[in-house]
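1. Here is a sequence together with a model predicted from it:
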Amino acid sequence: MITGRGADIVAVGTGDGSYARSFVADTRVPFTVLVDDSGAAATAASVRRSGLLALVGPGAWSNGGTAWRAGHRVHRPGKRVTQLGATFVIGPGPRLRYEHLDAEPWDHAPLDDVLGALRG
């Protein structure tokens, strides 16, 4: 869907190299996975962190259950378990076309918005 539109997907994870290799092997992701164990990339991109309550509170149980039933698993937590995610569409060149900074652990960019940024 995304690569068919001429774009590449790159994931930047919070674990170390060993964790990233295991994640790629277990999930069979067909795209590049980079490691940001120090958090430098997340800091540079102003990606937020959650509080610990978000990891164990009611929202985590209800949204985590939905993810679990869909087959998503947390493999091994990295050093920064409270690091939230983000989605960016960049390029061509250095142009930022779309940005979504997750507000909660279960908040992710809507695919329609990402695809719209690729069209625009």
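-> Thanks, I have the structure now. Numbers count the residues shown, from 1 in each chain.

2. Was I right to think residue 89 contacts residue 95?
-> No. Residue 89 is not in contact with residue 95 according to Cβ atoms under 8 Å; the separation is 9.3 Å. Heads up, the C-betas are built off the backbone N, CA and C, glycines and all.

3. of those two, who's got more company?
-> Taking neighbours as other Cβ atoms under 10 Å, residue 89 and residue 95 compare with residue 89 leading, 20 against 8.

4. ok, and what's touching the helix or strand hosting the more buried one?
-> Using DSSP states H and E, residue 89 sits in strand 86-90. Outside strand 86-90, the residues that touch it by Cβ atoms under 8 Å, 6 or more residues apart in numbering are 7, 42, 45, 47, 96-102, 108-109, 114, 117-118.

5. Next SSE downstream of that strand?
-> Sequence-wise, the next helix or strand downstream of strand 86-90 (DSSP H and E) is strand 96-101.

6. Can you list the strands that that following strand pairs with?
-> Strand pairing for strand 96-101, using DSSP bridges, gives strand 86-90 (antiparallel).

7. Now do the buried residues in the strand it pairs with.
-> The neighbour-count check on strand 86-90 (16 or more other Cβ atoms under 10 Å) flags 86, 87, 88, 89 as buried.

8. gap between the last one and residue 101?
-> For residue 89, the distance to residue 101 equals 13 Å [Cβ to Cβ, to the nearest Å].

9. Leaving out the residues flanking it, which one is nearest to residue 117?
-> Nearest residue to residue 117 in three dimensions, chain neighbours excluded: residue 98, at 3.4 Å (Cβ to Cβ, 6 or more residues apart in numbering).

10. And the strand holding residue 89, how far out from the chain middle?
-> Centroid displacement of strand 86-90 relative to its chain, using Cα atoms, centre = their mean, to the nearest Å, is 9 Å.
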